[in-house]
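A.B. asks: Quick one, what's the 3D model for this:
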Amino acid sequence: MIVAVFGATGFIGGRAVLELVHRGHYVRAFGRNRRQLEHLTALPNVETIDLAGPWQEALEGISAVLIALGTLDPKTMQAAHTDWPEQICETAANHGCARLVHVSAIGASPDAPTAFLRTKAVGEALVLGHGRPGWTVMRPSLVYGPGGESMAFLASLAALPVRFPIRSGPVRPIAVDDLTVSIVDCLESKKPLPPILEAVGPNAMTIGDYVDGLSRWLAVGQRWKSPIALNGLMRFGRLFGQRFVNPDTAAMLARGADGDPAPLGWLTGKRFASLDEGLSRHPATKADRIAAIATPWIEALAPALGLFWIVTGVISIAAYENGLSLLASAGITGGVAIALILAGGALDVALGLMTFPRRWRIKALLLQAATILLYTAIATILVPGAWADPLGQLLKNGPIILLTLFLAHLSKADA
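C.D. replies: Below is the predicted model of the structure:
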């Protein structure tokens, strides 16, 4: 077959491309990340199409379509979940595509508690509205496997020294390998497909059980149990630019993602792996453990630096007499000195606020490092003796600059 895969550089779409190639099919891989698309060209029988340019003609002569588009970013959610599926379905229908699988999510409905699930429901309706017997909506539960963002987030909770209770409905995690094999089975099937298929693992569990499974996979030690539930803490995550720690994620965890594994298993003839079986296919490496342990602290570092800059800016303005004394030693007094102190304090506050939105974070961190260098140079000129201060007033700037640049470099992964 010639199969068009939208979201070919994503967690699910990327693995579907591999499974399709493994079975001898030709793939037209659609995506917006040119650098990641280029890597797919190393695979046999794969042609890449950048969605930033004209793409409709690339659906000419296709046998099947996979739509695996999804995001938690509120700014791009509407486009990924509704606008793109609408365009893709219209074009695929015009080209007479007989097979189409649209990856949605369990819990998608117009009255769902989160924008993620509501927009997914709109996308489902657009697909099902065509009424084609070979088109189906696949609703996965939690999908786990190497490279999965939700798994990485929950693995970081599993690796914390503190276990936060999580209020959740039942979930049936499914291995990404099982999901993508099932998707390709549906694309290959000659039978009419049910309008909706739930893609779930065999065992119902709570999110806490799932995190316990990830703890066993990572082989991390016992942890102290917190009396405070994670759901309540997640309400404040959005203030600090956290992707998964926010009220929407808390609402989806509380709702759960349960379903019936029988229909998809009957259609494909497959037995899906339990959580421990699925995780055992990819044993945890040292890199997995380091990532799980380090991620929460790295995520906390940017807000901590932001608060540090805001507080120091406010203090420098509130205690401006200290600044006046320092500037007076260099012969700077009067209105000029006051203006410099106010400007410096305002700059600190602005740099701190810029740290919270992810889209500004890298620039903010680089500006912070440059500002510390500037402050250090000025202090060296005005008070060279500060380098000998036993409390390390200037010596501390070196590690802080390195830490700031380290975080800026890590933040490129989210850019």
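
A.B. asks: Quick check: which element contains residue 198?
C.D. replies: Here residue 198 is covered by strand 196-199, with elements defined by DSSP states H and E.

A.B. asks: hmm, who's touching that strand?
C.D. replies: Strand 196-199 has contacts (C-beta atoms under 8 Å, 6 or more residues apart in numbering) with 106, 124, 128, 136-141, 174, 179, 182, 186, 259-261, 263-264, 267. No exception for glycine: its C-beta is placed from N, CA and C like everyone else's.

A.B. asks: what's the average pLDDT for that strand?
C.D. replies: Per-residue pLDDT values across strand 196-199 average out to 96.

A.B. asks: do stretch 20-40 as well
C.D. replies: Confidence for stretch 20-40, expressed as mean pLDDT, is 92.

A.B. asks: Show me how far that stretch is from its chain's centre.
C.D. replies: Using C-alpha atoms, centre = their mean, to the nearest Å, the distance from the centre of stretch 20-40 to the centre of the chain it belongs to is 21 Å.

A.B. asks: got the contact list for it?
C.D. replies: Contacting residues not belonging to stretch 20-40 are listed as 1-10, 13-14, 17, 43-52, 55, 58-59, 62, 184, 187-188 [C-beta under 8 Å, 6+ apart].

A.B. asks: before we move on, what about stretch 319-333?
C.D. replies: Under the criterion C-beta under 8 Å, 6+ apart, residues 316, 337-338, 340-342, 344-345, 381-383 lie in contact with stretch 319-333.

A.B. asks: CA atoms only: put it into CSV for me.
C.D. replies: The C-alpha atoms that make up stretch 319-333 are tabulated as CSV, following Å, rounded to 0.1, in the frame of the first residue of the first chain:
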residue,chain,number,x,y,z
ALA,A,319,16.5,49.0,49.7
TYR,A,320,17.8,51.5,47.2
GLU,A,321,20.0,53.2,49.9
ASN,A,322,22.5,50.3,49.6
GLY,A,323,22.7,50.9,45.9
LEU,A,324,23.2,54.6,46.4
SER,A,325,26.1,53.9,48.7
LEU,A,326,27.7,51.6,46.2
LEU,A,327,27.3,54.1,43.3
ALA,A,328,28.5,57.0,45.5
SER,A,329,31.8,55.2,46.0
ALA,A,330,32.2,55.4,42.2
GLY,A,331,31.2,59.1,42.1
ILE,A,332,27.7,58.5,40.8
THR,A,333,25.1,60.4,42.9
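
A.B. asks: re earlier: take the contacts of stretch 319-333 and keep only those in helices.
C.D. replies: Of these, the ones assigned to helices by DSSP state H are 316, 337-338, 340-342, 344-345, 381-382.
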